[in-house]
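Colleague: after the sequence you'll find the predicted model.
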Amino acid sequence: MIIEKVFNEFPILDSTNLELKKIEDIHIQEIFAIYDNDKVFEYCGIIPKHNLQTVQKMIGHFERDYMKKSRIKWGIFEKSQREKLVGIIEAMDFNQKVNMVTIGYYLAETSWGKGIATEALQIVVKFLLEEVDVHRIQAEVMPLNEPSKKVLLKNGFIKEGLLRQATVWSGKGVVDLEIYGLLKDDYSENG
């Protein structure tokens with residue numbers, strides 16, 4: 001794993017329709033619209049935030065986590081919408097011994113069902129496997145989160161199993177989680 005590719009300089013990634021880049025204070029209203037919506041986090045271990053100041057502080061936490069090399073959160077920007085931030089995709093739990101990383105993503109409700117999460121994940125998978133040289137990418141999904149599972153499957157992830165009552169998620173208590181994984185070998189064969 002070439003961790004420096006992630007944490008030396010914030011990587012800006014893009015595709016035809018999307019740009020993934022750093023979330024700044026100027027994006028506060030778009031970030032607040034995401035975090036203020038209970039539906040967005042129905043199947044996530046994240047508690048919605050209904051206070052603008054709390055969300056403002058979170059943007060600073062994104063930077064702090066990045067500087068600590070523990071997590072990177074890209075803002076998902078739709079190019080056709082004049083660089084409007086429509087979601088977040090993140091990579092965390094960089095396990096250099098196993099050469100593995102965990103990913104997660106969430107979108108503004110107005111951007112659901114448009115293929116944005118699928119395309120954003122495709123960009124991040126390509127970056128992590130081809131440039132950072134990660135061997136395994138995994139995602140943890142609540143069993144009822146069908147849309148998220150579809151995004152993973154479209155990107156070549158395989159459902160590896162169900163962890164029954166395996167973890168505590170904020171606001172949800174103890175939950176079951178399905179594990180989805182993608183190995184570099186799988187990606188190379190299908191790429």
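Modeller: Thanks, I have the structure now. Residues are numbered from 1 along each chain as shown.
Colleague: extract the C-alpha set from the top helix by length along the chain and format it as CSV.
Modeller: Ranked by number of residues, the top helix in the chain under DSSP state H is helix 52-67. C-alpha atoms of helix 52-67 as CSV (Å, rounded to 0.1, in the frame of the first residue of the first chain):
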residue,chain,number,x,y,z
LEU,A,52,-25.4,24.3,11.5
GLN,A,53,-22.6,25.0,14.0
THR,A,54,-22.1,21.3,14.7
VAL,A,55,-21.8,20.6,11.0
GLN,A,56,-19.4,23.5,10.7
LYS,A,57,-17.1,21.9,13.3
MET,A,58,-17.4,18.5,11.5
ILE,A,59,-15.7,20.0,8.4
GLY,A,60,-12.7,20.8,10.7
HIS,A,61,-12.8,17.2,11.9
PHE,A,62,-12.6,15.9,8.3
GLU,A,63,-9.4,17.9,8.0
ARG,A,64,-8.1,16.6,11.4
ASP,A,65,-8.8,13.0,10.4
TYR,A,66,-7.0,13.5,7.1
MET,A,67,-3.9,15.1,8.8
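Colleague: and the next element down the chain from it?
Modeller: strand 71-78 (DSSP states H and E).
Colleague: strands paired with that following strand, and their directions?
Modeller: strand 18-22 (antiparallel), strand 84-95 (antiparallel) (DSSP bridges).
Colleague: quick check: angle from that strand to helix 52-67?
Modeller: Angle between the axes of strand 71-78 and helix 52-67 is 120 degrees (criterion: axes from the mean of the first three to the mean of the last three C-alpha atoms, to 10 degrees).
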